[in-house]
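> just a sequence and a predicted model for now, questions to come.
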Amino acid sequence: MIIMKFGGSSVANSAAMEKVVGIIRQYAGKPLLVVLSACSGVTDKLLEMIRTASAGNLEDSLGLIDWIRDLHVNICKNSISNRKLLDKAIVEIDSIIFYLNNLAEAISLLKEYTVRNLDSSAACGELLATKVFAYLCSEKKIDAEFCDARQIIPTDSNFTSAAVDFDSLKSNCVLFVMPLLNQSKVVITQGFIGSDYEGRTTTLGRGGSDYTAALLGWALSADEIQIWTDVDGVLTSDPRFVSNVCTVPEMTFEEIKILSFFGAKVLHPDTIKPAIDANIPIKVLNTFNPKNRGTLIQNVIGNTRNPFSSIIIKQNCHVVTSEYIDNSSSDPKYDDLVKLFGKLKSKVLFSEIIAGRMEFNLEALPGFDDVAFGDIITDLNCSVKVYNIICISGLFSGDSKIRNKFSGLFEVLGLYSNYIIKTRILENAVLLTVSQEQSMELLYKLHDKLFAGK
């Protein structure tokens, strides 16, 4: 049995949705559960609608709802030729739009909103996408069944970031989902949403659609989870910085964790944890290039692969050096500094003791003020420098020939030794602290050396 999750770009318009239908057809006869995100941009519009209404601007709020309606109605009109199906689909759309209009008017009147309002509004994006897609499947003669995730995924009442009741989830899947799958139906449901024990709509937080796929894969003991996006799997580097990137054929979950931690736009490890725990392999695939093999992610892979998997750069990292303190929460000085960094909109990536002094490597978060940060750090008698960090993920442990495999890496590093402040070799990554002036050139050179011909 396969779980297939399609992101917002994969259902952005009628052409994209029809590509998804084509992909599903290739799995005809197999138990298949399809998880959809909202159409690209819709969740942001829904949240903007709530904020706009609360500011008393009802006209603009209703205009955003009209935009959302037009998007989904146009998808139906472009893809559904059967008049009866088209009319039914539009009725379903208008039922959700009617709810949104009433919600906007109420919030505009009160000039305030709750987190419950945010969830009930945001969930409409996934509900609209799956309603439309279910009718498109009927148009294309696919035996599909719409399934409301709110009836399957029970959560607490922590709106916008609800926690899932795993035991009840498993029971619900056995009772409501398995019978449909056993009838060889394609089950279509929503990512991102659930409901609390009072039946109120909740959401699982951003990235929740990937999480939904992993949850359902775990609950149904799936053979495989497929995450369909608009790129050819996990890439060897960020294509914004490196032009000749290629797809990594297979990776471990540990490599995904390290890449995500250093800012790569890959699957967030927290969202796929249920799959990791259940040892369910995950494939990252491209809706718009389905013939590409994508990237297979699992706990253990063979040793024939290039030991390096991907290289990324995190820019503008601040390295703060203080007097010696114990790097544990038992030392109040350490804890106080970490809290201070948080208040200054920065996050500790890692810390270590160097020559009797504590060194913090920090990531600047949104809202970070470089000048204010520098002033406060100076007042604390700490020094601060700004570097870039290059992270090279891979599988290095337990390899007796590691130096041979690393020869290309060391060759390039030797050419840039004057610009490399520090090199750390971990079990699943090489971390390079690099001066800003040569870091991009080093990134290109390393990528060419490590991934040439991959």
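Nice, I can see it. Residues are numbered from 1 along each chain as shown.
> so Ser310 sits right up against Ala264, yeah?
Yes: in this structure, Ser310 sits in contact with Ala264. The criterion is C-beta atoms under 8 Å, and the distance is 6.9 Å. In this view, the C-beta of every residue, glycine as well, is placed from N, C-alpha and C.
> which one of those two is surrounded by more residues?
Of the pair Ser310 and Ala264, Ser310 is the one with more neighbours under other C-beta atoms under 10 Å, namely 27 against 21.
> any idea which element that one lies in?
Under the criterion of DSSP states H and E, Ser310 resides in strand 308-322.
> what pairs with that strand, parallel or antiparallel?
Using DSSP bridges, the strands paired with strand 308-322 are strand 357-364 (antiparallel), strand 383-394 (antiparallel).
> the worst-scoring helix or strand of the chain on mean pLDDT: what's the following helix or strand?
Across the helices and strands of the chain, mean confidence by mean pLDDT, DSSP states H and E is lowest for helix 402-405: a mean of 62. Beyond helix 402-405 on the C-terminal side, the first helix or strand identified by DSSP H and E is helix 407-415.
> and the contacts of that following helix?
Outside helix 407-415, the residues that touch it by C-beta atoms under 8 Å, 6 or more residues apart in numbering are Phe308, Ile392, Ile420, Thr423, Val430, Leu432, Leu442, Lys445, Leu446, Lys449, Leu450.
> can you give me the domain boundaries for this structure?
Domain assignment for the chain, taken from automatic domain parsing, gives 2-230, 308-451.
> between these, which one is closest to Pro249.
domain 308-451 (9.3 Å; C-beta to C-beta).
> what's the first-to-last distance across that closest one?
Separation of the first and last residues of domain 308-451 by C-alpha to C-alpha, to the nearest Å is 8 Å.
> where does the stretch 151-300 of the chain have low pLDDT?
Within the stretch 151-300 of the chain, the set of residues satisfying pLDDT under 70 is empty.
> give the contact list for Phe341.
Under the criterion of C-beta under 8 Å, 6+ apart, the contact partners of Phe341 comprise Val320, Lys347, Val348, Phe360, Leu362.
> circling back to that earlier point, could you dump the strands paired with strand 308-322 to a markdown table with mean pLDDT and distance to Ser138?
As requested, those are arranged in a markdown table below (pLDDT from 0 to 100; distance: least, C-beta to C-beta, whole Å):
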| stretch | mean pLDDT | distance to Ser138 |
| --- | --- | --- |
| strand 357-364 | 88 | 48 |
| strand 383-394 | 92 | 43 |
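> what is the longest helix along the chain packed up against?
When secondary structure is assigned using DSSP state H, the longest helix within the chain turns out to be helix 83-110. Packed against helix 83-110, as judged by 3 or more C-beta pairs under 8 Å, 6 or more residues apart in numbering; DSSP states H and E, are the following elements: helix 42-54, helix 58-79, helix 115-139.
> what's the most buried one of those helices?
Among the helices and strands packed on helix 83-110, judged by mean count of other C-beta atoms under 10 Å, the one packed with the most neighbours on average is helix 115-139 (a mean of 23).
> the closest residue to Asp60 other than its chain neighbours and Ile311, how far apart?
The spatial neighbour of Asp60 that comes closest, neighbours along the chain excluded (C-beta to C-beta, 6 or more residues apart in numbering), is Thr52 at 5.0 Å. Taken as C-beta to C-beta, to the nearest Å, the spacing of Thr52 relative to Ile311 amounts to 42 Å.
> quick check: mean pLDDT across stretch 36-54?
When pLDDT is averaged along stretch 36-54, the result is 96.
> same question, stretch 412-427
88.
> can we start the residue count at 28 from this point?
I'll keep to 28 as the first residue from here, and by that count the last item is stretch 439-454.
> ends of that stretch, what's the gap?
Stretch 439-454 has its terminal residues 21 Å apart, counting by C-alpha to C-alpha.
> and what of stretch 220-234?
Here stretch 220-234 reaches across 11 Å from its first residue to its last, counting by C-alpha to C-alpha.
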